[in-house]
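**Student:** predicted model, plus sequence, below.
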Amino acid sequence: MTENQTWVTELILLGFPLGPKTQMFLFGLFSLFYAFTLLGNGAILGLICLDPRLHTPMYFFLSHLAVVDMSYASNNVPKMLANLTFLYMAFAHTECLLLVAMSYDRYVAICHPLQYAVIMSRRVCTILAAASWACGSLLALVHLVLILRLPFCGPHEVNHFFCEILSVLKLACADTRLNQVVIFAASVFILVGPLCWVLVSYTRILLAILRIQSGEGRRKAFSTCSSHLCVVGLFFGSAIVMYMAPQSRHPEEQQKILSLFYSLFNPMLNPLIYSLRNAEVKGALHRVLWKKRSRWRDGGTP
């Protein structure tokens, strides 16, 4: 490399090459989605903290998922490449592992109900949550170290609406095969492995549900599991297609649409699919609102 070669120190996000009216429409739509993401996940997190009846392993993991989703959505438009590479990938990896921990919680609750309190103790839940955060951050740090070693001396326009790692690698003026191998290996570890674990867990859950004699018990179990499977399918499906399918089959514009599912839509849909339709969460919301109403009424009386 010559000494007088100019290195790129700033990147420009191209976003979607659309007309001004369409861009304004998408700006309003995505802003609305982001607001719903913060409100929905914030409401879930607040209810879990305020209502002692929701202090169970299932909602313990759900509170961590809410924190991840709010942070995930808030870091998709970073101002610095290093911030994105670390935080964005850290939150993505952590969400994968938290979804696995939640599937294990459902497996124990349905297949081993009498031992649930012993197996899913507070210590076990804390270890699983801490391991998810630690592994997610460690894997993101590996990506960060590998991408920061690369020189960027050519085009400085990222054909994406945020600094997605595959789009950034295309701008490097050096061999990126090591980065590609690490990304694929990390995808196998963080996507395929956990997805297989989830499928095994839910296969055993399904067999356990089919042995339930009560129709009401079956309906309740299916309702809980179907919600989690919807979240898992949306997140893992779009991420696997994005990072493990041959890139030639997915043009850049299609990749941007796929990334919307796991970076914007999923954080917004998680509280709707997995929590707000849950009877326990609705009951907690009713109790919190009724308590506040009673305090306001008592405070207003002489």
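**Tutor:** Good, I have the coordinates.
**Student:** and stretch 136-150, which residues are buried?
**Tutor:** Buried residues in stretch 136-150, counting neighbours by 16 or more other C-beta atoms under 10 Å, are found at 136-137, 139-140, 143-144, 146-147, 150. Heads up, the C-betas are built off the backbone N, CA and C, glycines and all.
**Student:** closest to the centroid, which residue in the chain?
**Tutor:** In the chain, the centroid-proximal residue (C-alpha atoms, centre = their mean) is residue 95; its distance is 4.2 Å.
**Student:** and the buried residues of stretch 136-150 as a markdown table, adding secondary structure and distance to residue 259?
**Tutor:** Listed next are these as a markdown table, based on DSSP: H, G, I helix; E, B strand; the rest coil; distance: C-beta to C-beta, whole Å:
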| residue | secondary structure | distance to residue 259 |
| --- | --- | --- |
| 136 | helix | 18 |
| 137 | helix | 21 |
| 139 | helix | 18 |
| 140 | helix | 16 |
| 143 | helix | 16 |
| 144 | helix | 19 |
| 146 | helix | 20 |
| 147 | helix | 17 |
| 150 | coil | 21 |
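**Student:** just the closest of those residues to residue 48, please.
**Tutor:** residue 136 (20.8 Å; C-beta to C-beta).
**Student:** I'd guessed the closest one sits against residue 88; true?
**Tutor:** No. The pair residue 136 / residue 88 is not scored as a contact, 10.9 Å apart, by C-beta atoms under 8 Å.
**Student:** who touches residue 202 in this structure?
**Tutor:** 103, 106-107, 225, 229 (C-beta atoms under 8 Å, 6 or more residues apart in numbering).
**Student:** try it again with 7 Å
**Tutor:** 103, 225, 229 (C-beta atoms under 7 Å, 6 or more residues apart in numbering).
**Student:** could you do residue 204 as well?
**Tutor:** 107, 111.
**Student:** host element of it?
**Tutor:** Under the criterion of DSSP states H and E, residue 204 resides in helix 193-210.
**Student:** so how far is that helix from its chain's centroid?
**Tutor:** Relative to its parent chain, helix 193-210 has a centroid offset of 20 Å by C-alpha atoms, centre = their mean, to the nearest Å.
**Student:** where do the helices of the chain begin and end?
**Tutor:** 20-50, 57-74, 81-83, 89-111, 116-119, 122-148, 165-169, 177-187, 193-210, 215-244, 252-260, 266-270, 279-300 (DSSP state H).
**Student:** what's the closest residue to residue 137 other than its chain neighbours in contact with, if anything?
**Tutor:** In this structure, residue 137 finds its nearest non-sequential neighbour in residue 90, 4.7 Å apart by C-beta to C-beta, 6 or more residues apart in numbering. The neighbours of residue 90, taking C-beta under 7 Å, 6+ apart as the test, are 136-137, 140.
**Student:** ok, residue 99 touching residue 232?
**Tutor:** Yes. Counting by C-beta atoms under 7 Å, residue 99 does reach residue 232; the two are 5.5 Å apart.
**Student:** so between the two, which is more surrounded?
**Tutor:** A count of neighbours by other C-beta atoms under 10 Å puts residue 99 above the other of residue 99 and residue 232, at 25 against 21.
**Student:** report the contact partners of that one.
**Tutor:** Residue 99 makes contacts with 198, 231-232, 235, as judged by C-beta under 7 Å, 6+ apart.
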